[in-house]
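Trainee: predicted model and sequence below, questions to follow.
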Amino acid sequence: MLATSTQSSTVRLPAAFQRLAWSNLAAQSAEQISLAAAPLVAVFALGADARDTGLLQTAQTLPFLLLSIPLGVWADRRSRRTLMTLAESVRVIAMLGVLLLVMAHALSLPLLAMLGFIAATGTVAYNVAAPSLVPALVPREAYASANGRLELARSVAYSAGPALGGLLVGWIGAGWAYGCAAALSALAVTCLAGLREPPRAPAPRRHFMLELRDGTRFVLGDALLRPMLATAVFFNLGFFVLQAVYVPYAVHRLGLSASAVGVTLGAYGVGMVCGALAAPTIARRLTFGRVLIIGPSCGLLASLGMMATIVAPSFWPAMTSFFLLGAGPILWVVGSTTLRQAITPERMMGRVSALVSTATYGARPVGALLGAAISARWGVDACLVTAAAAFLTQALIIVMSPAARLESVPEASAAAC
């Protein structure tokens, strides 16, 4: 790992990847601004209640469950750059649609949800294709460095995007906040337009279900990918059980004000940025397997810190928990994406990324529903214990897996082990 990490830090990333990186920053920022603006528009402009904003959130996440796999197959069959360009163009149209409806005083909750669904479809296509394109643009020894760049952009967007979206709604109005998001998506399209994707050998056309079956068998049959997938699923279950109840818990049990709750939640984005910046140094000093353990371990520590507030309510452990939930898992995302790219055949990259995305994002609404059900039956404290149990499970899975014992990024032949 030391040699590989040192090489990746000295390899200059090609111009084509630089275009992808800038496109990714613009696209992620557009997504976060629009996601932050949507509930504000719903509440302040359309008079939505909690049920309405919950349904709106469902509409904006549903494409991750429904479309990740079909779009992953598409990414394996066709040009990934073209798919990403079309995806961002779709998001531009959706965001401009909201802007025009606001200006015409014709926006409604169903229309906002429908356009949010369309915009999220573009997000899914972009997110599936981008990791699949990295191995075609950068040398193998630079995978970790390239993924770190992409994740740093995502971290910055997650940190600044929601705050910027709220400020834009307050300063210039809901419609123009979506106009800014549309402009950023258009910038992403412009960056992609000049990106030259290396040609791929044409793959034989097969039935969709056969290609999906092959991708599923590859992931579930691989000794390295299988625990990575299970770890991600249990992490997201625990995280969204916690997310489902945290705000009322922080207000009523921890005694935090609205601004203090915002600070604790904002620590998540700060942690992501810090983790992304520290990733190259950590990768140089630790084996690849130990880097993979850091994220799940931080998740477990975060859940234990949050559970400690049951007996000792305090602002500080809550904020520290969200910081750890951002800092550690960002290292996990970089490492797990690098591993997936290293051992997955190029012809299956889109399908494998889509399967991982579907399982990961599919665990989120399940975790939120589980949190709501447990809190209704046994109270919020039981949710924190349940979240900690999920985080403990994901930490044990990865620690006991062969991935934790990897000295460096494996060769493609390791997929057979």
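Mentor: Sure thing, it's come through.
Trainee: measure how buried residue 257 is and give me the count.
Mentor: 11 (other Cβ atoms under 10 Å). Quick note: C-beta positions are derived from backbone N, CA and C, even for glycine.
Trainee: just the pLDDT for it.
Mentor: pLDDT, residue 257: 76.
Trainee: how much space separates it from residue 381?
Mentor: 22 Å (Cβ to Cβ, to the nearest Å).
Trainee: repeat that for residue 363.
Mentor: 22 Å.
Trainee: now swap in residue 127 and tell me
Mentor: 35 Å.
Trainee: so for these two, which residue has more residues nearby?
Mentor: residue 127 (23 against 17).
Trainee: distance of the more buried one relative to residue 192?
Mentor: Counting by Cβ to Cβ, the gap from residue 127 to residue 192 is 14 Å.
Trainee: how is residue 256 assigned, secondary-structure-wise?
Mentor: Using DSSP: H, G, I helix; E, B strand; the rest coil, the structure places residue 256 in coil.
Trainee: can you count the residues close to it?
Mentor: Neighbours of residue 256 (other Cβ under 10 Å): 21.
Trainee: was I right to think it contacts residue 247?
Mentor: No. Between residue 256 and residue 247 there is no contact under Cβ atoms under 8 Å: 9.2 Å.
Trainee: and the helices in the stretch 151-300 of the chain, which stretches?
Mentor: Secondary structure of the stretch 151-300 of the chain by DSSP state H, counting those that start in this stretch: the helices cover 174-193, 208-221, 225-252, 258-285, 288-308.
Trainee: what about the helices in the stretch 301-417 of the chain?
Mentor: Assigned by DSSP H, counting those that start in this stretch, the stretch 301-417 of the chain shows helices spanning 315-343, 349-378, 380-399.
Trainee: give me the residues contacting the last one.
Mentor: Contact partners of helix 380-399, identified using Cβ atoms under 8 Å, 6 or more residues apart in numbering, comprise 227-228, 230-235, 237-239, 241-242, 244-245, 248-249, 253, 292-293, 296-297, 299-300, 302-304, 306-307, 309-310, 367, 370-371, 374-375, 404.
Trainee: mind listing what's buried in it?
Mentor: 380-381, 383-384, 386-388, 390-395, 397-399 (16 or more other Cβ atoms under 10 Å).
Trainee: how far is it from where the chain is centred?
Mentor: 20 Å (Cα atoms, centre = their mean, to the nearest Å).
Trainee: repeat for stretch 321-335
Mentor: 11 Å.
Trainee: before we move on, what about stretch 319-338?
Mentor: That offset, for stretch 319-338, works out to 11 Å (Cα atoms, centre = their mean).
Trainee: cool, stretch 69-84 as well?
Mentor: 18 Å.
Trainee: that one - what's its average pLDDT?
Mentor: For stretch 69-84, mean pLDDT rounds to 78.
Trainee: now it: buried residues?
Mentor: 69-77, 79-81, 83-84.
Trainee: that older thread, just name the most buried of the helices of the stretch 301-417 of the chain.
Mentor: Highest mean neighbour count among these (mean count of other Cβ atoms under 10 Å): helix 315-343, with a mean of 23.
Trainee: which neighbouring elements make contact with that helix?
Mentor: helix 109-137, helix 143-172, helix 225-252, helix 258-285, helix 288-308, helix 349-378 (3 or more Cβ pairs under 8 Å, 6 or more residues apart in numbering; DSSP states H and E).
Trainee: and the fourth one, what does it pack against?
Mentor: Right, helix 258-285. helix 2-10, helix 143-172, helix 225-252, helix 288-308, helix 315-343.
Trainee: so how far is the fourth one from its chain's centroid?
Mentor: Here the centre of mass of C-alpha atoms in helix 288-308, compared against the chain's by Cα atoms, centre = their mean, lies 18 Å away.
Trainee: angle of it against helix 315-343?
Mentor: Here the directions of helix 288-308 and helix 315-343 differ by 150 degrees (axes from the mean of the first three to the mean of the last three Cα atoms, to 10 degrees).
Trainee: helix 288-308 versus helix 258-285: what angle between them?
Mentor: Going by the same axes, to 10 degrees, helix 288-308 makes 160 degrees with helix 258-285.
Trainee: got it, and the third one?
Mentor: For helix 225-252 against helix 258-285, the angle by the same axes, to 10 degrees is 150 degrees.
Trainee: so how far is helix 225-252 from its chain's centroid?
Mentor: Per Cα atoms, centre = their mean, the centroid offset for helix 225-252 relative to its chain is 13 Å.
Trainee: buried residues, it. List them.
Mentor: 225-246, 249-250.
Trainee: for it, what is the average pLDDT?
Mentor: Helix 225-252 comes out at a mean pLDDT of 85.
Trainee: tell me which other helices or strands it touches.
Mentor: Going by 3+ Cβ pairs under 8 Å, 6+ apart, helix 225-252 lies up against helix 208-221, helix 258-285, helix 288-308, helix 315-343, helix 349-378, helix 380-399.
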